[in-house]
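Colleague: quick one: sequence and predicted model below, then my questions.
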Amino acid sequence: MVFGLSDEMLGTFAPVVVYWIYSGLYVLVGKFGSLDAYRLHPRAEETKNIVSKGTVVKGVLIQQAFQVAVALVLFLLINDDSQNAVKLQPSLFVVVGQLMLAMFVLDTWQYFMHRYMHINKFLYKHIHSKHHTLVVPYAFGALYNHPLEGLILDTIGGAISFLISGMNARTGVFFFTFATIKTVDDHCGMWLPGNILHVVFDNNSAYHDIHHQLYGSKYNFSQPFFVMWDKILGTHMPYTLQKRKQGGLEARPIKD
């Protein structure tokens with residue numbers, strides 16, 4: 001129990017709370033004009049987004065409502081109160097292995113589902129295009145999707161990763177929270193110095209920004225952790241970070 005909440009309740013609600021706290025920090029950071037040098041798009045380019053930020057907030061809250069409902073059912077199904085009151089926790093080695101497996105499963109699920117939503121013209125037009133109304137991504141728009149896409153890619157993908165990895169609810173708290181942080185960071189629209197996520201992962205805000213541009217819509221489908229499937233299946237678009245003449249940074253594709 002933490003703050004009077006069970007591991008199951010933390011695993012359900014912590015990702016939601018962390019989503020708004022972490023994206024809120026990026027909103028605050030974005031207020032500082034002195035940090036515009038680290039933006040991947042000038043402020044003026046935000047007019048390319050054809051959806052209001054208020055609509056984005058509502059859309060994210062709807063997705064998170066589905067996410068909470070599925071998580072509650074998932075934890076209810078795996079929670080067996082008939083077992084010993086004191087639950088043995090796996091070793092650190094086992095936990096790390098479970099987390100790595102869960103990351104691989106989630107990446108695999110999201111790559112193929114995400115790519116198919118681009119290939120299938122009906123799914124792209126009526127479902128996935130909603131996410132791409134954010135041509136200039138920002139942090140709290142990370143989960144702005146059609147509810148069906150959110151259910152398939154994020155909620156079901158997370159549940160499958162959780163079940164296949166065999167992790168318990170306590171480990172699930174860390175996995176789902178970290179996946180949330182990573183997703184928000186990938187859509188933050190900034191390349192801040194010292195960001196450890198950009199150092200550890202090739203799949204980052206610049207990598208995903210390429211995908212949100214028209215020239216990159218058929219590339220960089222991988223999310224949220226690694227880029228292996230893009231590299232294996234030929235949808236990897238490498239890039240270089242360069243300074244824009246009007247200020248800030250730009251992730252420019254490297255042409256062969």
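Modeller: Now that the structure is in, tell me what you want to look at. Please read all numbers here as calculations on a predicted model, not as lab measurements.
Colleague: so residue 137: helix, strand or coil?
Modeller: Counting by DSSP: H, G, I helix; E, B strand; the rest coil, the backbone at residue 137 sits in coil.
Colleague: can you give me the neighbour number for it?
Modeller: A count of neighbours around residue 137, defined by other CB atoms under 10 Å, yields 23. C-beta: built from backbone N, CA, C; applies to glycine.
Colleague: over to residue 95?
Modeller: For residue 95, the neighbour count with other CB under 10 Å is 18.
Colleague: what's the answer for the one 5 residues further on, then?
Modeller: Residues within reach of residue 100, counting by other CB under 10 Å, total 12.
Colleague: helix or strand with the lowest mean pLDDT in this structure?
Modeller: Of all the helices and strands that make up the chain, the one with the lowest confidence by mean pLDDT, DSSP states H and E is helix 53-78; it has a mean of 90.
Colleague: quick one: buried residues of that helix?
Modeller: By neighbour count, with 16 or more other CB atoms under 10 Å as the criterion, the buried positions of helix 53-78 are 56, 59, 60, 62, 63, 64, 66, 67, 70, 71, 74, 75.
Colleague: same question, stretch 22-39
Modeller: The neighbour-count check on stretch 22-39 (16+ other CB under 10 Å) flags 22, 23, 26, 30, 38, 39 as buried.
Colleague: can you tell me the closest non-neighbouring residue to the last one?
Modeller: By that I understand residue 39. With CB to CB, 6 or more residues apart in numbering as the measure, residue 248 is the residue that lies nearest to residue 39, at 4.3 Å, once sequence neighbours are left out.
Colleague: if I look at the one you found, how far off is residue 32?
Modeller: Relative to residue 32, residue 248 is positioned 13 Å away (criterion: CB to CB, to the nearest Å).
Colleague: any chance you could list residues touching both of the two?
Modeller: Listed contacts common to residue 248 and residue 32 are nil; contacts here mean CB atoms under 8 Å, 6 or more residues apart in numbering.
Colleague: can you pull out the residues in contact with the host helix or strand of residue 14?
Modeller: Element membership of residue 14, judged by DSSP states H and E, is helix 7-30. Counting by CB under 8 Å, 6+ apart, helix 7-30 makes contact with 2, 5, 35, 39, 60, 64, 67-68, 71-72, 75-76, 79, 138-140, 142-143, 168-170, 172-173, 176-177, 179-181, 184-185, 188, 190, 192, all of which sit outside it.
Colleague: which element is the residue positioned nearest the centre of the chain on?
Modeller: Most central residue of the chain, judged by C-alpha distance to the mean C-alpha position with CA atoms, centre = their mean, is residue 183 at 2.1 Å. Counting by DSSP H and E, the element that carries residue 183 is helix 169-186.
Colleague: what packs against the longest helix anywhere in the chain?
Modeller: Scanning the chain for the longest helix, with DSSP state H as the assignment, gives helix 92-119. Packing partners of helix 92-119 (3 or more CB pairs under 8 Å, 6 or more residues apart in numbering; DSSP states H and E): helix 121-126, helix 157-165, helix 169-186, helix 228-233.
Colleague: returning to that earlier point: so how far is the helix holding residue 14 from its chain's centroid?
Modeller: 12 Å (CA atoms, centre = their mean, to the nearest Å).
Colleague: apart from its chain neighbours, what residue comes closest to residue 185?
Modeller: residue 197 (5.1 Å).
Colleague: ok, residue 135 next?
Modeller: Leaving out its chain neighbours, residue 135 is closest to residue 48 (CB to CB, 6+ apart), at 4.2 Å.
Colleague: burial measure for that neighbour, as a count.
Modeller: 13.
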